[in-house]
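**Student:** sequence unknown, structure follows:
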Ligand SMILES: Nc1ncnc2c1ncn2[C@@H]1O[C@H](COP(=O)(O)OP(=O)(O)OP(=O)(O)O)[C@@H](O)[C@H]1O
Ligand SMILES: [Mg+2]
């Protein structure tokens, strides 16, 4: 599905601020994988997503999506196939537009008919049904500006917008980190439900180690621009947070260092 092949990226090369954010990084994401990613601060997790989404071109290496070389395909073209959520719930939606308008925009942008086509009554019904599944009462507030919603509601809507036309791959970058615990839990449940129902291939950065071992089918640990651990199948079964931390220490020769890490759920 997604192949990151020997990708390197150095920021500010040749200056005192030089930073190798991805260091000969390789990863093959299988169709249907739901990969959780944890790592130290500055390990290169967001940079990995930025590389996949085309926010910059790598210094070297290759990126393939579904058999197609997309290394130099610009971000706005990739956005059709790659859904993305960020930590900040304000990032994915237009505050002055209504819930319905936001959904329509996402739908037309990702769809095949183009953004100048129109939303039909059937489309609107589909939006209502999808909103209902969120179980937040948003289906009765479709004409409310999104700026009126809570962070959790807004992130749920962003999630829906990202998958209203299912993307080839969904990138979630700590998308529950800015929410209060109850909202975070709700969004996490919705994420698992939506990703599962639509069989979306998904990569999720999290600072919650419980999620890292329990959500999805594969766990990746990163440090200094490379992969420290890649656990799936039998190796991942029954994996505890303690195992994870120990394996990291053994692989890296130091402890996982992340100021936001959560050791319990
Ligand atoms: N646009 C940029 N310009 C300069 N340096 C950058 C840029 N983006 C990232 N970096 C640097 O690259 C390194 C990796 O950053 P990245 O944001 O990918 O880390 P991360 O693993 O997402 O960390 P965190 O857990 O704190 O979110 C960091 O040292 C960061 O300062
Ligand atoms: Mg990050």
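**Tutor:** Alright, I've got the coordinates. Only a predicted model underlies this, so the values are computations on that prediction, with no experimental measurement involved. Ligands and ions are numbered 1, 2, ... in the order given.
**Student:** Quick check: whichever residue of the stretch 51-200 of the chain sits closest to ligand 1 vs residue 49, distance?
**Tutor:** Nearest to ligand 1, among the residues of the stretch 51-200 of the chain, is residue 174, at 6.8 Å (Cβ to the nearest ligand atom). From N, CA and C alone the C-beta is placed, and that goes for glycine too. Look at residue 174 and residue 49: by Cβ to Cβ, to the nearest Å, they are 10 Å apart.
**Student:** what is in contact with the two at once?
**Tutor:** residue 205 (Cβ atoms under 8 Å, 6 or more residues apart in numbering).
**Student:** Name the helix or strand for the residue nearest the centre of the chain, please.
**Tutor:** A centroid search over the chain (Cα atoms, centre = their mean) returns residue 172, at 1.6 Å, as the residue closest to the centre. Using DSSP states H and E, residue 172 maps to strand 169-173.
**Student:** distance between the helix or strand just after that strand and the chain's centre?
**Tutor:** Next helix or strand after strand 169-173 toward the C-terminus (DSSP H and E): helix 181-197. With Cα atoms, centre = their mean, to the nearest Å as the basis, helix 181-197 stands 13 Å off its chain's centre.
**Student:** Tell me which residues are up against helix 181-197.
**Tutor:** So helix 181-197 is in contact with 34, 133-134, 150-152, 155-156, 159-160, 163, 170, 172, 175-177, 179, 200, 202, 204, 211, 215, going by Cβ under 8 Å, 6+ apart.
**Student:** let's see 7 Å
**Tutor:** For helix 181-197, the surrounding residues in contact (Cβ atoms under 7 Å, 6 or more residues apart in numbering) are 34, 134, 151-152, 155-156, 159, 163, 170, 172, 175-176, 179, 202, 211, 215.
**Student:** Provide a list of residues in contact with the nearest residue to residue 134 once chain neighbours are set aside.
**Tutor:** Distances taken as Cβ to Cβ, 6 or more residues apart in numbering place residue 156 nearest to residue 134, at 4.9 Å, with adjacent residues excluded. Counting by Cβ under 7 Å, 6+ apart, residue 156 touches 134, 136, 187, 190.
**Student:** Spatially, which two of those are the most separated?
**Tutor:** 136 and 187 (10.4 Å; Cβ to Cβ).
**Student:** More neighbours: those two, which one.
**Tutor:** Neighbours per residue (other Cβ atoms under 10 Å) separate residue 136 from residue 187, with residue 187 holding more: 24 against 18.
**Student:** Report the separation between the more buried one and residue 231.
**Tutor:** 24 Å.
**Student:** before we move on, the earlier item: between the contacts of residue 156, which is nearest ligand 2?
**Tutor:** Closest to ligand 2 out of the contacts of residue 156 is residue 187 (17.6 Å), distances taken as Cβ to the ion.
**Student:** distance of that closest one from residue 179?
**Tutor:** For residue 187 relative to residue 179 (Cβ to Cβ), the value is 6 Å.
**Student:** ditto for residue 106
**Tutor:** In terms of Cβ to Cβ, residue 106 sits 20 Å off from residue 179.
**Student:** Overlap in contacts, residue 187 and residue 179.
**Tutor:** 152, 155.
**Student:** What is the burial count for the closest residue to residue 222 other than its chain neighbours?
**Tutor:** Of all residues not flanking residue 222 in the chain, residue 39 sits nearest, at 3.5 Å (Cβ to Cβ, 6+ apart). Residue 39 has 27 neighbours, counted by other Cβ under 10 Å.
**Student:** What of residue 196?
**Tutor:** 12.
**Student:** ranges for the helices of this protein?
**Tutor:** 45-53, 75-78, 99-110, 121-134, 151-163, 181-197, 209-214, 233-236, 241-252 (DSSP state H).
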